[in-house]
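Fold the following.
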Amino acid sequence: MQPKRTLALMAATFVAAAGCSGPPAEEDVLDLLAAFPAAEVRGEVSRIDFGTEDARPFLKSGFSWDEKNADDTTFVWGVGEGSQIELFSTESREVRGTARLSPRGGPRRVQVAVGGRAVAELELRHEIADYDFALPLTAGDNVVTFRYLPSPETTAEDRFGRQLAVAFFDLRLDLVEPDETRTSQEAGGGQLYLPYGAEIAFYVDAPGPARLTAARIRQRSGSGRLEVAWRDDLGGGEMAAFGDGPIAIPGREGSFRPLRITLRAVGPRREDGGWEGLVVEQPELHVTRVPAGQGATATHPGRAVPPDTHVLIYLVDTLRADRLGAYGQARGLTPRLDALAAESVVFDRMIAQASLTRPATASLLTGLGPLHHGVSKTENALPEEAVTLAELFRQAGYRTAAFTTNVNITTKTGFGQGFEHFDFSYDDSSDLTPRILAWIDGKSEIRLPQPPGALPEPSRAEEAPPPYTGQPFFLYVHTIDPHEPYRPRIELRQRFAPDAPPGLEGARGMGQRDRPLPPKILAALQDLYDGEVAQNDAAFGALWDALAKRGLPERTLVIFLADHGEQFQEHGIIGHGLDLHREVLHVPFLLRWPGGRPSLRVPEAVQQIDVLPTLVDLFGLERPPGLQGRSLVPLLSGHALPPSALYSYIDYEGRRGISVEQDGWKLIQPLNDKFGKQPSLYAPREDPKELTDRLSERPVMAGYLRALSRSELSHLGQGLEAAPAEVDEETRRELRALGYLQ
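Numbers count the residues shown, from 1 in each chain. Reported below is the predicted structural model:
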């Protein structure tokens, strides 16, 4: 059995109990059987086979990647000053261990310590050999450290820059593993089966006092006991025998408190393969809820927009929130957008559902996350079964049109659904304005085709048109700049990036964690990016002025946002799609009411999937089934909403990861080694740049967020099924120009 083995599904009753938003009940009852599929199931182990995927959950630090010899023997190098593994035991005892090791570069001494206390010193010979030692384990988690003597500072680096010390092949322990297939629940019978040598950890939100109860605990066979412990990140209760009555858990101040409850079966294990353990009938947690503050259900005045209101969603591809003056930028890049923000609701923390255009845009237009709408990869097309904003507005009698300059958002990738008019081109943002106006005015536009990468001339000023009196419209505009390649117009390049070397236009793949760019090149790239941000701001301003000539700002609800951001080595990466940190997920979000209103700042974190249900609420549209997002209408009046989990997901270039954020805490969870080795935990309110990993000091918070991420991941393959996107040679060429293909 793997320690911390996770199971696929979280029952809906558990999710609802963990984040309910209705009137508080006097006492909530959480069914732990329903929560079991999202729990962490762990057991004692008799062997760690290093160099395999199964061994990875045990490895805490100081190990390199998995490798294999010519004879298919797997191993992993211990590197640096020492390596650590984590072992679990249901009770305190001395365990005999046998490790198969081989030093690099000659004989070496290895000190073995448990919990920081040295317990053995091994003299390693210059070959693969077995070494025996005793490990005094305590009940629960044990960190076993192998410290390499002499120091690896005396060891030369290999060609990958690794200081190799000892190769680990195998670790055998004189324990008998519980049968993990027996650790299960039978929902119909209300029973939880738990073999000796295993434990189950449940993560719940329990801010108030709680009681853990069970109808009955009985022996399946053998003789043992069930022990229970609880803890939050401020402390916990000691292990106590469970069965003589309820176990009381005190409450804490606050409205959100992740709690870890552990059930551990302690008793003899049979070595002949038989099963012994306990049966727990109807385990439940009774939680007294802290009443929520008033005002969470308050709405915007009227809760609806004026009749015949138009909608403009203006999305800027790859725009970080911190490039707008409204979000603190001091370079003066976005004067027109800052003017828009001055009469809009400004959402301080809008989180993208992905750091790639296609899945993020699909989330915006459907109100579903990537694991639900099916567009989780760049090669996916939006399935026809998805219900989009354009379809909802068209059904309500609106004219609908999309103007996009990103090859990821075309009719070939499924994004034409619901649009009467869909216009894709390779132009920059400034060239879109005359074509958008031609559609609004009901005219056709004659223009010469532009080759990919061509720089169009700035559009000429138009003559004063009559006020628009036509049918209400839903207009979606998706501009490509400031996406790489960074090619601002010459005057903007001279203003914002005068020191940029000729020919420098981007750096996707140039600077990663192991190959940082020189500071001057990195600064030049950011200056070029800023030039494109300023270029897009001017293009938006030109469009806004043209709309104003038609009297449209008084009758148009405007949403301005981005699909994702861009990284400049804040966490070692340049570009986007490869990470889930703030730089690529925090995007601007402005909502301007028709006619404009004084600016309102919303500090609560929201997400792209909230846009569709908000518009459904404001315009009285038909609500599609299964929406994940929630209406932000109360926030438009300065009222609060209960905390909600925010998910982001990527699957790009072999890197898979998920992040989840709730109530000021964010977990980034790698889903394969290419994305990362370990999860990380941040407090974005206190640490907005996500520079301090708090995982070690807040393990219960991290465990709670991991449980939420497992719930979200359970939808992988269960949501809508995306079709393969059509990729012709022209599309392939443009994707290559944007850095998506090599």
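
make it CA atoms for all contacts and neighbour counts henceforth
Fine.

residues touching Ser375, list them.
One correction, residue 375 is Val, not Ser. Contacts for Val375 (CA atoms under 8 Å, 6 or more residues apart in numbering) come out as Arg358, Pro359, Ala362, Ala381, Leu382, Ala722.

any idea how far Thr413 is from the fourth one?
Think Ala381. Applying CA to CA, to the nearest Å, the value for Ala381 to Thr413 is 4 Å.

which of these two has more neighbours?
Applying other CA atoms under 10 Å to Ala381 and Thr413 shows that Ala381 carries more neighbours, namely 28 against 23.

How about the contacts made by the more buried one?
Neighbour list for Ala381: Val375, Lys412, Thr413, Gly414, Phe415, Ala722, Ala723, Pro724, Ala725 [criterion: CA under 8 Å, 6+ apart].

Could you do Thr334 as well?
Neighbour list for Thr334: Arg323, Leu324, Gly325, Val533, Ala534, Asp537, Ala538 [criterion: CA under 8 Å, 6+ apart].

let's see it at 7 Å
By CA atoms under 7 Å, 6 or more residues apart in numbering, the contact list for Thr334 reads Leu324, Gly325, Ala534, Asp537.

between those residues, which is closest to Val606?
Each of the contacts of Thr334 was checked against Val606 using CA to CA; the closest is Leu324, at 18.2 Å.

ok, for that closest one, nearest residue in space, not its chain neighbours?
Of all residues not flanking Leu324 in the chain, Thr334 sits nearest, at 5.7 Å (CA to CA, 6 or more residues apart in numbering).

Quick check: bridge partners of the residue nearest the centre of the chain?
Nearest to the mean C-alpha position of the chain, counting by CA atoms, centre = their mean, stands Ser659 at 2.1 Å. Counting by DSSP bridges, Ser659 forms beta bridges with Ser648, Ile668.

Is it correct that it is in contact with Tyr649?
Yes - at 6.5 Å, Ser659 counts as touching Tyr649 under the criterion of CA atoms under 7 Å.

picking that back up, among the contacts of Thr334, which are in strands?
Among those, none falls in strands (DSSP state E).

can you redo these as JSON lines with pLDDT?
Formatted as JSON lines, those follow (pLDDT from 0 to 100):
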{"residue": "Leu324", "pLDDT": "98"}
{"residue": "Gly325", "pLDDT": "97"}
{"residue": "Ala534", "pLDDT": "97"}
{"residue": "Asp537", "pLDDT": "97"}
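
how about low-confidence regions in the protein?
Low-confidence segments of the chain (pLDDT under 70): 1-25, 151-156, 176-189, 221-222, 269-275, 290-303, 444-463, 508-514, 725-742.

Return the longest helix in it, judged by number of residues.
The longest helix of the chain (DSSP state H) is helix 519-549.

Mind listing what's buried along that helix?
Within helix 519-549, the residues that count as buried by 16 or more other CA atoms under 10 Å are 522-544, 546-547, 549.

and after it, which helix or strand comes next?
strand 556-562 (DSSP states H and E).

which residues touch the next helix or strand after that following strand?
Where DSSP H and E defines the elements, the next helix or strand beyond strand 556-562 is strand 567-568. Outside strand 567-568, the residues that touch it by CA under 7 Å, 6+ apart are Ile573, Ile574, Gly575, His576, Glu583, Val584.

ok, the third one to Arg706 distance?
Going back to what we said before, that points to Gly575. Distance from Gly575 to Arg706, by CA to CA: 27 Å.

what's the answer for the second one, then?
Per CA to CA, Ile574 is found 27 Å from Arg706.

can you check Arg597 too?
Distance, Arg597 to Arg706, using CA to CA: 40 Å.

neighbour count winner among those two?
Neighbour totals were compared for Arg597 and Arg706, and Arg706 leads with 24 against 13 (other CA under 10 Å).

and that one, helix, strand or coil?
Following DSSP: H, G, I helix; E, B strand; the rest coil, we place Arg706 in the helix state.

State the number of residues packed around Val119.
Quick note: Val119 (other CA under 10 Å) scores 15 neighbours.

on that earlier part again, could you tell me the angle between the longest helix of the chain and strand 556-562?
Between helix 519-549 and strand 556-562, the angle comes out at 170 degrees (axes from the mean of the first three to the mean of the last three CA atoms, to 10 degrees).

Arg109 - that's part of a helix, no?
No - assessed with three-state DSSP, Arg109 is strand; it does not lie in a helix.

partner residues bridging it?
Counting by DSSP bridges, Arg109 forms beta bridges with Glu123, Leu149.

I figured it hits Glu123, correct?
Yes - with contact defined as CA under 7 Å, Arg109 reaches Glu123; the gap is 4.7 Å.

Comparing those two, which residue is more hemmed in?
Each of Arg109 and Glu123 has its neighbours counted (other CA under 10 Å); Arg109 has more, 18 against 13.

Would you mark the buried spots in stretch 413-430?
For stretch 413-430, burial by neighbour count (16+ other CA under 10 Å) applies to 413-419, 422-430.

Nearest to Gly208 among those?
Closest approach to Gly208 among those (CA to CA): Phe415, at 46.1 Å.

ok, now which ones touch the closest one?
When contacts are counted by CA under 7 Å, 6+ apart, Phe415 touches Leu382, Ile409.

which SSE is it in?
Under the criterion of DSSP H and E, Phe415 resides outside all helices and strands.

And the one 3 residues further on, by the same measure?
Gly418 belongs to no helix or strand when assigned by DSSP H and E.

Just give the nearest non-adjacent residue to it, would you?
Glu391 (4.0 Å).

Report the secondary structure element holding that neighbour.
Applying DSSP H and E as the criterion places Glu391 in helix 389-395.

and what of Val611?
Using DSSP H and E, Val611 sits in helix 611-619.

ok, residues contacting the helix or strand where Leu590 lies?
Assigned by DSSP H and E, Leu590 belongs to strand 589-592. With CA under 7 Å, 6+ apart as the test, strand 589-592 has contacts from Ala341, Glu343, Ser344, Val345, Val346, Phe347, Met350, Leu557, Val558, Ile559, Phe560, Leu561.

which one among those residues gets closest to Ser711?
When the contacts of strand 589-592 are compared for distance to Ser711 (CA to CA), Met350 wins out at 22.0 Å.

wait, what's in contact with that closest one?
By CA under 7 Å, 6+ apart, Met350 lies in contact with His586, Val587, Pro588, Phe589, Ala605, Val606, Gln607.
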